[in-house]
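In: Model the following, please.
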Amino acid sequence: MNGAEFVEVALREERLPVLLMLRDHAVTAFAIGEEADYEPLYDAFKKHYMKRSAEWSAKDVSFVFCLPDGVSVHEEFCSRVEVDVYFCRKYVVQLERDLHASLARLPFLPLSPVSGAPTRPPSAQTLLSQRSMKAALASALVLPARLSAESILDASLAGQYGQPHKVDGSTADAQGQGAEERAHATLKSISIQNFRAYRTKKEFTLGTAVTVLYGPNGFGKTSFFDAVDFAATGGVRRLNKASAGFAKAAKHLDSGEEPTVVSLTLERDGKPYVVTRTLADPSNAHVDGRLTNRKDVLSLLTGGESSSADRLENMVAVFRATHLFSQDSQELTQDVAEKCELPADIVSRMLAFEDYVGGVKKTNEVLKLARQRITQAKKRASDARQVVETEAKELARLEGLATAEASPDQLDARFKELKQAITSAGFEISGIEVRDTRGGASDAGCRSG
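Out: Next comes the predicted model:
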């Protein structure tokens, strides 16, 4: 923590000392102990603060209660402590051997790792492509609502994805290819004119690690994010670009015939770029005055290569996830207030991690269908074998009859014996016509008999 001073203060004799982190704008107290130690240490810190109130009254105050490794508390205790915002903001963290991971949820600490460069895992499609899977199949498995599991299986059986082969999923390769290499791009400023809530030209300077946009309802916060979305993608998720009303909805009501222009200034690998997009031609942007398509603009912003189409689509999702902070549906802020955490499913959507979950789910659906079809095929094959066996037995019997050496007189005698046996058994067959299928002259003789 650059610019921070750490002071150890013994506030209660029977408790461990409290570590104070003093910065120009903030005071943070780190206390350690079990659940029973919280109230005494917190009360002691408040009294200590009152003694220094003249010096600290203008500073942000936080109290972090640290649980030693192996000490557990009920979740209700953590919730009760953290939702209580009286006097100062409070946090409960579980200390483990990896201190950086333990303290990572504290919002005032830097998120960069202690050592090494931060890495981001590849998108689900990129990972499958690295494992030599056909791009069309990877896209069908990962992208939602692209193809159903049954359609994917039918296409696979029809050979549309090539010959089946085992996908390489070795751990060594995964580690070696797990992180996507990309240049670092930083958004430095944005200029907005005649767009949504902004009539006259407004410029916002950005570029810090975290930028907080704050203001009352109706002061243009949503329009700001709409402008970023428009400059990056050529559209606004909440406004249907295909409809005739997009231009009307995106343009400021009082701008008349004046052009609508949004410009982003960014820095990539130390080199500045200016991306400008107008409502007159939303499908194309100008990068440093050069006409550039949407895909290349997103490649520039994400620091990647233009071939990673799936990652660019993920970047579009990140831009448009900003509208989860809408005034009508405060999903993120509600969970932060109640639980001091972001819901995993929302973070997953923002970072496109849900593609992994969706890809695994659809792959399992395809495998389930394939197993069902294999079972059905085995059943049909078994039934066919039984039919073949039955027909083979019947054919053998008929072949035996055909080769039997029996004269017509012997057959007539046998027929009379059968007729006599039927009559003797009590069956009346005098009214039944008997027909000899051997044909020839013997047929009449049999009829007369």
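In: Assumed residue 373 was part of a helix.
Out: Yes - membership of residue 373 in a helix is supported by DSSP: H, G, I helix; E, B strand; the rest coil.
In: tell me the contacts of it?
Out: With contacts taken as Cβ atoms under 8 Å, 6 or more residues apart in numbering, residue 373 has the following neighbours: residue 153. C-beta: built from backbone N, CA, C; applies to glycine.
In: how far away is it from residue 360?
Out: Distance, residue 373 to residue 360, using Cβ to Cβ, to the nearest Å: 21 Å.
In: Same question for residue 255.
Out: Residue 255 is 48 Å from residue 360, where distance means Cβ to Cβ.
In: Compare the two and say which is more crowded by neighbours.
Out: residue 255 (16 against 13; other Cβ atoms under 10 Å).
In: residues in contact with that one?
Out: Going by Cβ under 8 Å, 6+ apart, residue 255 touches 194, 199.
In: Helix, strand or coil: sort out it for me.
Out: coil.
In: What's the local residue count around residue 294?
Out: By other Cβ under 10 Å, 18 other residues sit near residue 294.
In: For the nearest residue to it once chain neighbours are set aside, report the pLDDT, please.
Out: Distances taken as Cβ to Cβ, 6 or more residues apart in numbering put residue 234 closest to residue 294, at 5.3 Å, once the chain neighbours are dropped. Here the pLDDT value assigned to residue 234 is 87.
In: and residue 234, what are its phi and psi?
Out: Phi and psi for residue 234, reported as degrees, to the nearest 10, are phi 90, psi 0.
In: Residue 66 now?
Out: Backbone geometry at residue 66, expressed as degrees, to the nearest 10, gives phi -100, psi 130.
In: Not counting sequence-adjacent ones, nearest residue to it?
Out: Closest residue to residue 66 apart from its sequence neighbours, by Cβ to Cβ, 6+ apart: residue 32 at 4.4 Å.
In: close enough to count as contact, that neighbour and residue 68?
Out: Yes - counting by Cβ atoms under 8 Å, residue 32 does reach residue 68; the two are 6.3 Å apart.
In: so what's in contact with these two at the same time?
Out: Jointly contacting residue 32 and residue 68 under the rule Cβ under 8 Å, 6+ apart are residue 95.
In: quick one, which of the two is more surrounded?
Out: Counted by other Cβ under 10 Å, residue 32 and residue 68 do not tie: residue 32 has more neighbours, with 19 against 12.
In: what separates that one from residue 8, distance-wise?
Out: Distance of residue 32 to residue 8, given as Cβ to Cβ: 11 Å.
In: What of residue 259?
Out: Separation of residue 259 from residue 8 (Cβ to Cβ): 61 Å.
In: what do you get for residue 23?
Out: 16 Å.
In: and if you look at residue 283?
Out: Separation of residue 283 from residue 8 (Cβ to Cβ): 61 Å.
In: hang on, residue 284 packs against residue 296?
Out: No - taking contacts as Cβ under 8 Å, residue 284 lies outside contact range of residue 296: 10.1 Å.
In: So for this structure, which residue is the most central one in space?
Out: For the chain, the residue sitting closest to the mean C-alpha position, by Cα atoms, centre = their mean, is residue 354 at 1.1 Å.
In: before we move on, what SS does residue 90 have?
Out: Using three-state DSSP, the structure places residue 90 in strand.
In: which stretches of the stretch 251-400 of the chain form strands?
Out: Along the stretch 251-400 of the chain, the segments classed as strands by DSSP state E, counting those that start in this stretch run 261-268, 271-278, 284-287, 290-293.
In: Mean pLDDT, distance to residue 89 and mean neighbour count added to those, as JSON lines?
Out: Converted to JSON lines, these look like this (pLDDT from 0 to 100; distance: least, Cβ to Cβ, whole Å; neighbours: other Cβ atoms under 10 Å):
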{"stretch": "strand 261-268", "mean pLDDT": "92", "distance to residue 89": "33", "mean neighbour count": "20"}
{"stretch": "strand 271-278", "mean pLDDT": "94", "distance to residue 89": "38", "mean neighbour count": "17"}
{"stretch": "strand 284-287", "mean pLDDT": "92", "distance to residue 89": "41", "mean neighbour count": "18"}
{"stretch": "strand 290-293", "mean pLDDT": "90", "distance to residue 89": "44", "mean neighbour count": "12"}
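In: Export those to JSON lines and append columns for distance to residue 408.
Out: Shown next, in JSON lines, are those (distance: least, Cβ to Cβ, whole Å):
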{"stretch": "strand 261-268", "distance to residue 408": "103"}
{"stretch": "strand 271-278", "distance to residue 408": "100"}
{"stretch": "strand 284-287", "distance to residue 408": "96"}
{"stretch": "strand 290-293", "distance to residue 408": "92"}
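In: Count the neighbours of residue 245 for me.
Out: Using other Cβ under 10 Å, residue 245 is surrounded by 9 other residues.
In: what do you get for the one 4 residues further on?
Out: Residues contacting residue 249 under the criterion other Cβ under 10 Å number 14.
In: go on, residue 143?
Out: Count around residue 143 with other Cβ under 10 Å applied: 17.
In: can you give me phi and psi for it?
Out: Dihedral angles (degrees, to the nearest 10) for residue 143: phi -70, psi 130.
In: do you know how far it is from residue 165?
Out: Relative to residue 165, and taking Cβ to Cβ, residue 143 is found at 22 Å.
In: again with residue 213
Out: Distance of residue 213 to residue 165, given as Cβ to Cβ: 49 Å.
In: These two: who's more crowded?
Out: Between residue 213 and residue 165, counted using other Cβ under 10 Å, residue 213 has the larger neighbour count: 14 against 9.
In: what about that one, which SS state?
Out: The three-state label given to residue 213 by three-state DSSP is coil.
In: which residue packs closest to it, ignoring adjacent ones?
Out: Excluding the flanking residues, the one nearest residue 213 by Cβ to Cβ, 6+ apart is residue 221, at 5.4 Å.
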